[in-house]
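Chemist: Please work out how this folds:
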Amino acid sequence: MFEETTLTGKNVIDARAEKSTFNNSSEILIRFDNEGSQKFQELTKNIAGTGRSLGIFMNGELISAASVAVQYAQTGISGGQAVISGNFSSEEAENIAAKLLEQGLKLGGLTPE
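Modeler: The predicted structure follows:
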């Protein structure tokens, strides 16, 4: 089940793929505008530690889902920046970063079925 929010690609200032400092995979760095930063903080606060995921959708299709660590349950992820880490290849990370900058993007909560 998807819980839609008002956080969209319009709130993303920058998204880019970089090599992870922890392993040989790639990760995606995201920067939000002020409004997006507040929305992202609230969204991650509501999702953290619940077993729900942060879904990234493009034209109604799920392109990525990320968990939010329980340590953010009290405050959410603040500062207007986030990192999506995982076992991404360089190409996968670049594709996700490019999609994050598109206007049709929507982010929201996913509840496991």
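
Chemist: Mind checking what secondary structure Leu62 has?
Modeler: strand (DSSP: H, G, I helix; E, B strand; the rest coil).

Chemist: how close does it get to Glu92?
Modeler: Plainly put, Leu62 is 14 Å away from Glu92 if you go by Cβ to Cβ, to the nearest Å. In this view, the C-beta of every residue, glycine as well, is placed from N, C-alpha and C.

Chemist: Tell me which of those two has more neighbours.
Modeler: Neighbour count, other Cβ atoms under 10 Å: between Leu62 and Glu92, Glu92 has more, with 16 against 12.

Chemist: just checking, what packs against the host helix or strand of that one?
Modeler: Per DSSP states H and E, Glu92 falls inside helix 90-100. Packing contacts for helix 90-100, counted by 3 or more Cβ pairs under 8 Å, 6 or more residues apart in numbering; DSSP states H and E, involve strand 12-19, strand 26-32, strand 53-58, strand 61-67.

Chemist: relative to strand 61-67, how tilted is the lengthiest helix in the chain?
Modeler: Looking across the chain with DSSP state H, the single longest helix is helix 34-47. Computed by axes from the mean of the first three to the mean of the last three Cα atoms, to 10 degrees, the angle separating helix 34-47 from strand 61-67 equals 60 degrees.

Chemist: got a list of contacts for helix 34-47?
Modeler: Contacts to helix 34-47, defined as Cβ atoms under 8 Å, 6 or more residues apart in numbering, come from residues 5-7, 10-13, 32, 53-54, 68, 72-80, 82, 107-109.

Chemist: Just the buried ones out of those residues, please.
Modeler: Buried subset of those (neighbour count, 16 or more other Cβ atoms under 10 Å): 5, 7, 11-12, 32, 53-54, 68, 72, 76-77, 80, 82, 107-109.
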